[in-house]
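Asker: One predicted model, sequence on top.
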Amino acid sequence: MDKRYYFDHAATTPIDEKVFQEMEPFLTEEFGNPSSIYQEGQKANQTIMEAREKVQDLINAEDSREIIFTGSGTEADNLAIKGVAMALKDKGKHIITSEIEHHAVLHTCEFMEKHLGFDVTYLEVDGDGFIDLEDLENSIRDDTILITIMMANNEIGTIQPVKEIAEIAKDHEVYFHTDAVQAAGQIEVDVQELGVDLLTLSAHKINGPKGVGALYVKKGVKLIPQMNGGAQERKRRGGTENLAGIVGFGKAAELARKRLPEKQKKLIKLRDKIISNIEENISKAILNGPRGDKRLPNNVNFCFRYIEGESILLNLDFLGIAASSGSACTSGSLEPSHVLLSLGMSHEVAHGSLRISLGYNTTEEEVDYLLDKLPGVIQKIRDMSPLYDG
Amino acid sequence: MDKRYYFDHAATTPIDEKVFQEMEPFLTEEFGNPSSIYQEGQKANQTIMEAREKVQDLINAEDSREIIFTGSGTEADNLAIKGVAMALKDKGKHIITSEIEHHAVLHTCEFMEKHLGFDVTYLEVDGDGFIDLEDLENSIRDDTILITIMMANNEIGTIQPVKEIAEIAKDHEVYFHTDAVQAAGQIEVDVQELGVDLLTLSAHKINGPKGVGALYVKKGVKLIPQMNGGAQERKRRGGTENLAGIVGFGKAAELARKRLPEKQKKLIKLRDKIISNIEENISKAILNGPRGDKRLPNNVNFCFRYIEGESILLNLDFLGIAASSGSACTSGSLEPSHVLLSLGMSHEVAHGSLRISLGYNTTEEEVDYLLDKLPGVIQKIRDMSPLYDG
Amino acid sequence: MYSDKVMDHFQNPRNVGKMEDADIIGEVGNPTCGDIIKVYMKIEDDHIKDIKFSTFGCGAAVATSSMVTELVKGKSLDDALKVSKDQVAEALDGLPPAKMHCSNLAADAIKDAIEKYRSDSEEKDEE
Amino acid sequence: MYSDKVMDHFQNPRNVGKMEDADIIGEVGNPTCGDIIKVYMKIEDDHIKDIKFSTFGCGAAVATSSMVTELVKGKSLDDALKVSKDQVAEALDGLPPAKMHCSNLAADAIKDAIEKYRSDSEEKDEE
Ligand SMILES: Cc1ncc(COP(=O)(O)O)c(C=O)c1O
Ligand SMILES: Cc1ncc(COP(=O)(O)O)c(C=O)c1O
């Protein structure tokens, strides 16, 4: 196989070799059911405890029992929203979120509206994807029971003022959940410092395996379990644990924590190099999302006028480059990204977006290759476009 | 480590070497997100399609699109019950199940009662764990929308008359879901022949990995998705797919299908040897569940009077033997198994149960070791018991 | 996702480009839905003498544009009108279901061009 | 799940067995909840001269029975009464939280025995 250039770490990341090594025994000899009381089961149980502590450390939770392992980031988002909403429905049925949440949050909110009689406010965002704190505060009602606003956006890398949101939530005695799937491993995520009540993580975005996530639930927060079954996860999430997946998640969390400072420094440099290079070398390229500190270190997102995203991706793919246009999860849909539309962009422009997302192991050489190839690809597609006049 | 004798295949099974080999590439080089359109993603997507076809083959589904991959058997049970109930709630809010279902079904039914206003009938079972078909038919009401009865019981191995239940359900135009987690790989499971509408599977019970399950949903069956998020699984289950897990599930399904006839013959012989040996050599040993054809080939379950199950397990564990007392999932609880109580047993007797469950690779030598050690263990504990008079 | 033929036509589109001296230009789609196809034709003796296209759209939109121009080139206008979307998809060894309707507009662009050409001619005849 | 000490006392329970000539027998629990503990004592000079137990129950129930008999053996009845459940658990290097309450009844069995013994003695005194 020819060398591949992977620039889609926001969609998923390669599993770190060390993570795989940690998982392997639990896919071979060590197969006990963590609920069993004999040796094999106790070993499995112990292993999960250790993984839980590593995830705890990644987000500086007070107690490892505040971590509930789930089958994905999506499940953690579902559990947070449905679990809190059902626990507090007698207090009120109003939820506040933003227009640019991941579908795991947005579609769950829609589910609450459609099937469970909840009322949801979708906060608008500004041109860089930020919510307005005054807006947020004004939208809180007597019957508001939950605010769910993502820590960092998966498409445009906008980092929301989570700490300020948490303060507002606390002032009004409303629970605050944040989806930190894209933030963890990229920026510091300290649940105690941030003051959030619930927080979502996903292993496969931090060089861990797919199919395992976690929900942080601060001690004392009321939550009705959504996966009914056995007594696993202290009765808060039934189902035999994804033992190997959890072990991998633990190791990935440990590595992510250790690597953070160095990775951040490196990726910010690469990110800014890509942004300025594209702005210099490609006309009519519009950066989506903010610049600087408020942008994830690993995220670049541009709209290239007159052309459509999938064509860009396919052409890059021929050249060995993997990137994405909007969230990978939405690629089944034909609608342009809801995030870009929320920024105020026209459909036409939104169709022409390209997300380049970096990983801890992305090299400067890879970036140079991308920057060398991209202008030609954009030009080739523009030359075919009826909207482009040279 | 000393040799271990694993007799808890109903709790979980070792991952087959061939299954692990199939998974390994997807935990190392092949890490694409199945939703991505570039090479890596398409490869992952293709791989999931192939796994889906293998699971389809295991249960002889008409179309691979009838298989929804989930994060566990528990999730599949939750999806079946909640999904159908929410889709049909305008038609009626009555569900029929049995008293001896797995907690994944029972607790989901309780959730429907407590949180969503449904009404649930829990059918009683006879001394061998069978439901009464007349009882079932009589309990169907105008507002009944779903019958969920497990194909085979995880504790006592009772195989329910699923085909007959399906016919009754069809006569009354009620959907029928069956939890076949324990049946698949042990007896033939042919969804078309059985005539079921929904059916649950779990990979880790057939020598596949933990943390992946599947729900068969017959074409045309209405179901409201419960995991809201991306467009995965044809929009019926959001969340980035557990790629390696699904690959492993596919391989495990393929192997389970191929091994079935031989495995069945072998395990029935071993099972019946264990049963008759225990009955001959240990007094006051009561077989739980039926004998013969209507019992899972891999299941043995006895109550030993005057003693308590955990003590048996711990003593066996010292001797290298892993077995279980009731469902592994319930070992967190202090209540004796709800299944045994439903058979009409007293609490005291129910506490003294031992489940021995076999795998395709269980050998006669292992069985002989178990049978050699068990009487001594039982005697040792009885000698300590205030209820035992010699 | 895409067949090899779609990929080939996407990567090496036939008849791509604009035509300065086209007799007629057909156009379908709009930028909101993400696909716009323009076809430029030279027509002689009621036959498509030459044809070019430009497309704003996904891989399927480009490939169907390319394929349809191949299919109609040299054909009489009547025969060109008979080229259906299904034929285009078939000639490409199929399209993903999601793309069948929204990104398979190229045949419509041909029809649009031919209809415009004919109504232009009628107008001229009437003059 | 269990500490090494619990496992040791479970596997090699001290003072296990019945006592034919016990001065008094204490008993707690019932088979419904899954734990029954009987302690048999020989008492001399208000001290526990000998003690045995039999237990129907889980690993924790056996281990706490064994441990409590060790803790009270030779003690005066007053001192024996002071042995608490927490002390038993501590002496075993802890018990799983779920087992703390329901399977840690052995100290109660001691109390039951001593109380019975004392009320028996009072009756005798009154005779
Ligand atoms: C009958 C039955 N149903 C459902 C389950 C749950 O499956 P999983 O362990 O994959 O959540 C199990 C096993 O635990 C089972 O035995
Ligand atoms: C912000 C955000 N939330 C949630 C998810 C869902 O996580 P998972 O893929 O583990 O279901 C993703 C990624 O897909 C994400 O980027």
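Answerer: Good, I have the coordinates. Ligands and ions are numbered 1, 2, ... in the order given.
Asker: for the stretch 151-300 of chain A, what spans make up the strands?
Answerer: Using DSSP state E, counting those that start in this stretch, the strands of the stretch 151-300 of chain A run over A:175-179, A:198-202, A:213-217, A:285-287, A:299-304.
Asker: mind putting the ones you listed in JSON lines, mean pLDDT included?
Answerer: As requested, the strands of the stretch 151-300 of chain A are exported to JSON lines (pLDDT from 0 to 100):
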{"stretch": "strand A:175-179", "mean pLDDT": "98"}
{"stretch": "strand A:198-202", "mean pLDDT": "98"}
{"stretch": "strand A:213-217", "mean pLDDT": "98"}
{"stretch": "strand A:285-287", "mean pLDDT": "97"}
{"stretch": "strand A:299-304", "mean pLDDT": "97"}
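Asker: Touching, residue A:298 and residue A:11? I think so.
Answerer: No - Residue A:298 lies out of contact with residue A:11 (Cβ atoms under 8 Å); the separation is 11.8 Å. Quick note: C-beta positions are derived from backbone N, CA and C, even for glycine.
Asker: Around residue 64, count how many other residues there are.
Answerer: As the question left the chain open, I've gone with chain A. 15 (other Cβ atoms under 10 Å in any protein chain shown).
Asker: My question was about chain C, not that one.
Answerer: Applying other Cβ under 10 Å, we find 32 residues neighbouring residue C:64.
Asker: Can you check the pLDDT for the residue lying closest to it once chain neighbours are set aside?
Answerer: Nearest residue to residue C:64, sequence neighbours excluded (Cβ to Cβ, 6 or more residues apart in numbering or on different chains): residue C:106, at 4.3 Å. Per-residue confidence (pLDDT) for residue C:106: 91.
Asker: just residue A:361 next, same as before
Answerer: Predicted confidence (pLDDT) for residue A:361: 95.
Asker: Sticking with it, tell me its helix or strand.
Answerer: For residue A:361, there is no helix or strand it lies in under DSSP states H and E.
Asker: List just the one of the strands of the stretch 151-300 of chain A that sits closest to ligand 1.
Answerer: Ligand 1 lies closest to strand A:213-217 among the strands of the stretch 151-300 of chain A, at 16.0 Å (Cβ to the nearest ligand atom).
Asker: List the neighbouring strands of that closest one plus their orientation.
Answerer: strand A:67-70 (antiparallel), strand A:198-202 (antiparallel) (DSSP bridges).
Asker: wait, residue A:172 sits on residue A:143?
Answerer: No - Residue A:172 lies out of contact with residue A:143 (Cβ under 8 Å); the separation is 11.5 Å.
Asker: so residue A:249 touches residue A:214, yeah?
Answerer: Yes - with contact defined as Cβ under 8 Å, residue A:249 reaches residue A:214; the gap is 7.0 Å.
Asker: Now list whatever residues contact both of the two.
Answerer: Jointly contacting residue A:249 and residue A:214 under the rule Cβ atoms under 8 Å, 6 or more residues apart in numbering or on different chains are A:55, A:69, A:203.
Asker: Quick check: of those, which lies closest to chain C?
Answerer: Taking Cβ to the nearest Cβ as the measure, chain C sits nearest to residue A:203 out of these, at 26.3 Å.
Asker: And that closest one, how far from chain B?
Answerer: 10 Å (Cβ to the nearest Cβ, to the nearest Å).
Asker: from what I can see that residue touches residue A:244, true?
Answerer: No - using Cβ under 8 Å, residue A:203 makes no contact with residue A:244, being 11.1 Å away.
Asker: Overlap in contacts, the two.
Answerer: In contact with both residue A:203 and residue A:244: residue A:209, using Cβ under 8 Å, 6+ apart.
Asker: Just give the number of residues close to whichever residue of chain C sits closest to chain B.
Answerer: Going by Cβ to the nearest Cβ, chain B is nearest to residue C:1 of chain C, at 5.8 Å. Residues lying near residue C:1 (other Cβ under 10 Å) number 19.
Asker: ditto for residue A:76
Answerer: When counting by other Cβ under 10 Å, one arrives at 32 neighbours for residue A:76.
Asker: which SS class is the nearest residue to residue A:39 once chain neighbours are set aside?
Answerer: Sequence neighbours aside, residue B:317 is the residue nearest to residue A:39 in space, at 5.9 Å (criterion: Cβ to Cβ, 6+ apart). Following DSSP: H, G, I helix; E, B strand; the rest coil, we place residue B:317 in the helix state.
Asker: Residue B:371 versus residue B:317, what's the distance?
Answerer: 17 Å (Cβ to Cβ, to the nearest Å).
Asker: Residues of chain C that sit close to chain B?
Answerer: Where chain C comes near chain B, counting by Cβ under 8 Å from any Cβ of the partner chain, the residues are residue C:1.
Asker: After the lowest-mean-pLDDT helix or strand in chain C, which helix or strand is next? Please name it.
Answerer: Using mean pLDDT, DSSP states H and E, helix C:97-102 stands out as the lowest-scoring helix or strand of chain C, at a mean of 79. Using DSSP H and E, the next helix or strand after helix C:97-102 towards the C-terminus is helix C:106-126.
Asker: which helices and strands does that following helix pack with?
Answerer: strand C:24-30, strand C:35-44, strand C:47-56, helix C:59-72, helix C:77-81, helix C:85-91 (3 or more Cβ pairs under 8 Å, 6 or more residues apart in numbering or on different chains; DSSP states H and E).
Asker: tell me the pLDDT at residue 90?
Answerer: Went with chain A since none was named. 96.
Asker: Chain C is the one I meant
Answerer: 95.
Asker: Tell me how many other residues crowd it.
Answerer: 12.
Asker: All set now, cheers.
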